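*Asks:* next one to model:
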Amino acid sequence: MSSSAAAPIGLSWAPQLPSLAAAGGSSKKGSAPTPSIDAQESLWKPSNELVDGLYVPPRDPRKVNKMARKNVKDTTGKGWFDMPAPSITPELKKDLEILQLRHVMDPKRHFKRSGKSKALPKYFQVGTVIEPASEFYSSRLTKHERKQTLVDELLSDQKLKNYRMRKVREIQVARTPGGNQKWKNKGKQTFKRAKDRRK
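*Replies:* Predicted structure coming up:
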């Protein structure tokens, strides 16, 4: 009966919290408990922060704003229908990098570049394109052509593979040193001339 009389107004049950003296590890029984660093960082709040056994948020506006920022969900806002920021997996990261390099992939299509920043976008959504029935023969991907990710689709495309190989060959021809054959031929010719001079 005494516990109900000691309970604050509005509460019929007072939670029993572990004492900070046990967490502090003080050996003296008569001394006041000194909470350790671990006890201060734990979930239990010291008794000076509790009012009638309840936690009251701090009055400092900086601390209140910091706590509010932690509780706010990471979304784009009402203008973009509160689109959440997805967790980026390695597959999604590769797809986003491919989309940033889309102006290099196809020689026939020209895309506007996404900008000079190489940072990946924070807010985006991934969807599946569903073709209408009128495009059944014209621009529909078959089951064999459909892949799990955008990277797999591009790597399996034969036209893109041929274009990529041709471009690699062009770059290799342009960057190989042109004077290599010239020096070899010159060396052989000088060897022949020296032979002729000896005769």
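*Asks:* my guess is Leu96 contacts Ala119, does it?
*Replies:* No - between Leu96 and Ala119 there is no contact under CB atoms under 8 Å: 10.1 Å. Glycine gets a C-beta too; all of them are placed from N, C-alpha and C.
*Asks:* between the two, which one's more packed in?
*Replies:* Taking neighbours as other CB atoms under 10 Å, Leu96 and Ala119 compare with Leu96 leading, 16 against 8.
*Asks:* what helix or strand is the more buried one on?
*Replies:* Taking DSSP states H and E as the criterion, Leu96 maps to helix 90-100.
*Asks:* state the mean pLDDT of that helix.
*Replies:* Here helix 90-100 scores 91 as its mean pLDDT.
*Asks:* cool, stretch 112-120 as well?
*Replies:* Taken as a whole, stretch 112-120 carries a mean pLDDT of 80.
*Asks:* lowest confidence element among the helices and strands of the chain?
*Replies:* The least trusted helix or strand in the chain, going by mean pLDDT, DSSP states H and E, turns out to be helix 37-41, with a mean of 47.
*Asks:* show me where this structure has strands.
*Replies:* All strands of the chain, identified by DSSP state E, fall at 50-51, 54-55.
*Asks:* count of neighbours near Glu170?
*Replies:* Per other CB under 10 Å, the neighbour tally for Glu170 reads 10.
*Asks:* that one and Leu150: what is the separation?
*Replies:* Remark: distance between Glu170 and Leu150 (CB to CB, to the nearest Å) = 25 Å.
*Asks:* Pro58 too?
*Replies:* Taken as CB to CB, the span from Pro58 to Leu150 is 48 Å.
*Asks:* between these two, which has more neighbouring residues?
*Replies:* Leu150 (18 against 11).
*Asks:* ok, the residue lying closest to the more buried one once chain neighbours are set aside - contacts?
*Replies:* Distances taken as CB to CB, 6 or more residues apart in numbering put Asp95 closest to Leu150, at 4.5 Å, once the chain neighbours are dropped. Contacts for Asp95 (CB atoms under 8 Å, 6 or more residues apart in numbering) come out as 126, 149-151.
*Asks:* touching, Pro107 and Leu160? I think so.
*Replies:* No - shown here, Pro107 and Leu160 do not form a contact pair, counting by CB under 8 Å, at 9.8 Å.
*Asks:* so which of those two has more stuff around it?
*Replies:* Leu160 (15 against 10).
*Asks:* which residues does the more buried one contact?
*Replies:* So Leu160 contacts 105-106, 154 (CB under 8 Å, 6+ apart).
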